[in-house]
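Colleague: sequence plus the predicted model coming up.
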Amino acid sequence: MLYIRVDMNNRIATGHMMRCLSVADAAKSLGEEVTFLLADNQALGLIKKRGHHAIVLNIPWDDKELELKVLKKILWDYQIPRILLDSYQVTAAYLGELKKYTEVYYIDDINAFHYPVDTLICYANYWERFRYREHYDNTKLYLGTQYTPLRKDFSNCGKKQIRSGVEHLLLLSGGSDPYDILDGILERIHRERYRRVSVICGIYYTKYNALREKYKKNDNVCIYQGIPNIIRYMQEADMAVSAGGITLYELCAVGTPAISYSFADNQLRNVEKFDEDGMISYAGDLRKDPVAERVAGYLDYYGQNQKLRQERSLRMQELVDGQGARRIAEILINE
């Protein structure tokens, strides 16, 4: 049995949970059962739907001092040999204390401090900036995009076929859309140019009904919420616009040319690195930049340049092969 400690709510959205679910799915395909340790029951239905177990701690998700008291008892009662953690709320003291009771594996992409863990995993495209190998002598390190934890569906993507023009546009915002960028982009772009504009809202997006009402007369604009098979929309799309985060790696695996934006500090290195490497153009930070206007400009530019879209699609698929979740699961099972 593998154990994973992670949460999902309207503050931290869905990214941490989705990447851990990908690891859990991979582990189950290898014959290993998985139990999630949750602060509350917000993700309970999703986890059970994916066929995994869960223990709800019934604690505030951001109170690590209280969590330690509860979690240490769970570790002892269930004799848990190792645990995978994915949370920005951890502290050095928290991790150090857990390490006394179990082997600690931690997924990192922000390098907030020196993590006292047994194994550190960083799949981010910018991992080299953190110079992990210089600072971790006695910690096992698994670094690079080969460990990007995506769902199994993303491991069997063939070469993306790039059409001469952009007919199908996909707009994504992640778990929430605190700055209403989906509406902003829809207002700014030339909607009539596209055969279809698919807009996928996250489960924590509160203005879904209002957005559908606003664009109901646009027959080519299709607005959805909480789509489980998002890969199909990515594969069908000629271009995508997405917030920074693991979604960009999913787009890489599929090979769909994309434009990114950010609205949180933890997204900045990600979007900037993709832009710097000439893979995914960065339209700016919603907190300070005219992102919708820049997205419209990029779409005009990409739409007229099939060769550029082809080149970027190939580089994206070379970066991410979609096998990362399985690699992490094998590490957890076999070490």
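Modeller: Yep, that arrived.

Colleague: which stretches of the chain form helices?
Modeller: Using DSSP state H, the helices of the chain run over 15-29, 44-49, 64-77, 92-98, 132-135, 181-188, 208-214, 230-236, 246-254, 265-276, 291-303, 306-319, 324-334.

Colleague: for the closest residue to Trp61 other than its chain neighbours, give its distance to Asp62.
Modeller: Leaving aside its sequence neighbours, Trp61 sits nearest to Ala39 (CB to CB, 6 or more residues apart in numbering; 3.8 Å). The C-beta positions use only the backbone N, C-alpha and C, and glycine is treated the same way. Per CB to CB, to the nearest Å, Ala39 is found 8 Å from Asp62.

Colleague: so for the two, which residue has more residues nearby?
Modeller: Ala39 (24 against 15; other CB atoms under 10 Å).

Colleague: how about the contacts made by the more buried one?
Modeller: The contact partners of Ala39, by CB atoms under 8 Å, 6 or more residues apart in numbering, come to 7, 56-61, 67.

Colleague: tell me the pLDDT of the spatially closest residue to Leu95 that is not a sequence neighbour.
Modeller: In space, and not counting its chain neighbours, Leu95 is closest to Pro116: 5.1 Å by CB to CB, 6+ apart. Looking at Pro116, its pLDDT stands at 98.

Colleague: list the contacts for Ser164?
Modeller: In this structure, Ser164 makes contact with Gln306, judged by CB under 8 Å, 6+ apart.

Colleague: and the pLDDT at it?
Modeller: The score at Ser164 is 96. That number is its pLDDT.

Colleague: please tell me how far it sits from Lys273.
Modeller: The value you get for Ser164 to Lys273, if CB to CB is used, is 30 Å.

Colleague: and if you look at Gly45?
Modeller: To Lys273, Gly45 is 34 Å away according to CB to CB.

Colleague: my read: Tyr115 touches Ile107, true?
Modeller: No - shown here, Tyr115 and Ile107 do not form a contact pair, counting by CB atoms under 8 Å, at 10.4 Å.

Colleague: quick check: the gap between the residue most central in space within the chain and Tyr94.
Modeller: By CA atoms, centre = their mean, the chain has its centre lying nearest to Ile246, at 2.6 Å. For Ile246, the distance to Tyr94 equals 24 Å [CB to CB].

Colleague: Phe154 contacts Val254, correct?
Modeller: Yes - under the contact definition of CB under 8 Å, Phe154 touches Val254, with a separation of 6.9 Å.

Colleague: now for the two: what residues contact both?
Modeller: With CB under 8 Å, 6+ apart, Phe154 and Val254 have common neighbours Ile231.

Colleague: of these two, who's got more company?
Modeller: Here Phe154 and Val254 are set side by side on neighbour count (other CB under 10 Å), and the busier one is Val254, at 28 against 25.

Colleague: name the nearest residue to that one, ignoring sequence neighbours.
Modeller: Spatial nearest neighbour of Val254, chain neighbours left out: Met234 (4.5 Å); criterion: CB to CB, 6+ apart.

Colleague: what's the answer for Glu192, then?
Modeller: Asn220 (7.6 Å).

Colleague: isn't that neighbour right up against Arg193?
Modeller: No - if you go by CB under 8 Å, Asn220 and Arg193 don't touch, sitting 9.4 Å apart.

Colleague: buried stuff in stretch 6-19?
Modeller: By 16 or more other CB atoms under 10 Å, the buried positions in stretch 6-19 come out as 6-9, 12-19.

Colleague: chain center to it: distance?
Modeller: 9 Å (CA atoms, centre = their mean, to the nearest Å).

Colleague: I figured Ala258 hits Ala237, correct?
Modeller: No - Ala258 is not in contact with Ala237 according to CB under 8 Å; the separation is 9.0 Å.

Colleague: in terms of neighbours, single out the busier of the two.
Modeller: Neighbours were counted for Ala258 and for Ala237 using other CB under 10 Å; Ala258 has more, 29 against 25.

Colleague: tell me the bridge partners for that one.
Modeller: Under the criterion DSSP bridges, Ala258 forms beta bridges with Ala240.

Colleague: who's in contact with it?
Modeller: Taking CB under 8 Å, 6+ apart as the test, what Ala258 contacts is 239-242, 248, 251, 280-281, 316.

Colleague: related to what we said a few turns ago, from Arg5, how far off is the residue nearest to Leu95?
Modeller: Distance from Pro116 to Arg5, counting by CB to CB: 16 Å.

Colleague: give me the mean pLDDT for stretch 199-218.
Modeller: Average pLDDT, stretch 199-218: 94.
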